[in-house]
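> Show me how the following folds:
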Amino acid sequence: MAETNELDNTIGTEEFQTLKPKNVNIEKVEIIEVGEKKYPKVVCHVKHPDAQDLKQISSVEYINPNTKKVENGGLFVNKDSDGKIRKNSALALFMNLVGASKILDLSGKKEVKTTLGSSGYLTFKGY
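Take a look at the predicted model:
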């Protein structure tokens, strides 16, 4: 492995490119563990009309039912006392929006709306 000295690195000429919000098809879903505490998070592999490769989306912008404000939340698998997906979580709200009763049902959903989240990345549009 070649060593590089990051302190000698210079500014490049490429700008960050993002895909424009368009409807996507969810091709497959998986659950990954994130952070030190290994929280389970749903990642949807989607086909965007302007991209050749599948892209990953793991968040949704939605209207919080308690505050009535637009929020951006990760598709974390938060569970209730019965071990089911917690009602009114970002994941539950997204699943209800697209008509999925199980996480696996997200796979194969067509024409799912996206928007640009506050971070500049594509996120599902849940309202």
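> Tell me where the model's unsure across the chain.
1-4, 16-17 (pLDDT under 70).
> if you set the cut-off to 90 instead, what comes out?
Applying pLDDT under 90 to the chain picks out residues 1-19, 64-67, 117-121, 127.
> Can you pull up the most central residue in it?
By CA atoms, centre = their mean, the mean C-alpha position of the chain lies nearest to Ser58, the distance being 1.8 Å.
> my read: that residue touches Gly73, true?
No - counting by CB atoms under 8 Å, Ser58 sits too far from Gly73 to count as a contact (10.1 Å). Just so you know, the C-beta spots here come from the backbone N, C-alpha and C atoms, and that holds for glycine as well.
> you'd agree Tyr121 is up against Pro21?
No - at 10.6 Å, Tyr121 does not count as touching Pro21 under the criterion of CB under 8 Å.
> Show me the helices in this protein, by range?
90-98 (DSSP state H).
> all strands in it, in order from the N-terminus.
Along the chain, counting by DSSP state E, strands occupy 25-34, 39-47, 55-57, 59-63, 70-74, 114-116, 122-126.
> Save those as JSON lines, and put in mean neighbour count and distance to Glu6 too.
Shown next, in JSON lines, are those (neighbours: other CB atoms under 10 Å; distance: least, CB to CB, whole Å):
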{"stretch": "strand 25-34", "mean neighbour count": "15", "distance to Glu6": "25"}
{"stretch": "strand 39-47", "mean neighbour count": "18", "distance to Glu6": "29"}
{"stretch": "strand 55-57", "mean neighbour count": "17", "distance to Glu6": "26"}
{"stretch": "strand 59-63", "mean neighbour count": "22", "distance to Glu6": "29"}
{"stretch": "strand 70-74", "mean neighbour count": "17", "distance to Glu6": "29"}
{"stretch": "strand 114-116", "mean neighbour count": "18", "distance to Glu6": "30"}
{"stretch": "strand 122-126", "mean neighbour count": "23", "distance to Glu6": "29"}
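> Would you format those as CSV with distance to Glu15 included?
Formatted as CSV, the strands of the chain follow (distance: least, CB to CB, whole Å):
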stretch, distance to Glu15
strand 25-34, 27
strand 39-47, 23
strand 55-57, 18
strand 59-63, 23
strand 70-74, 23
strand 114-116, 15
strand 122-126, 17
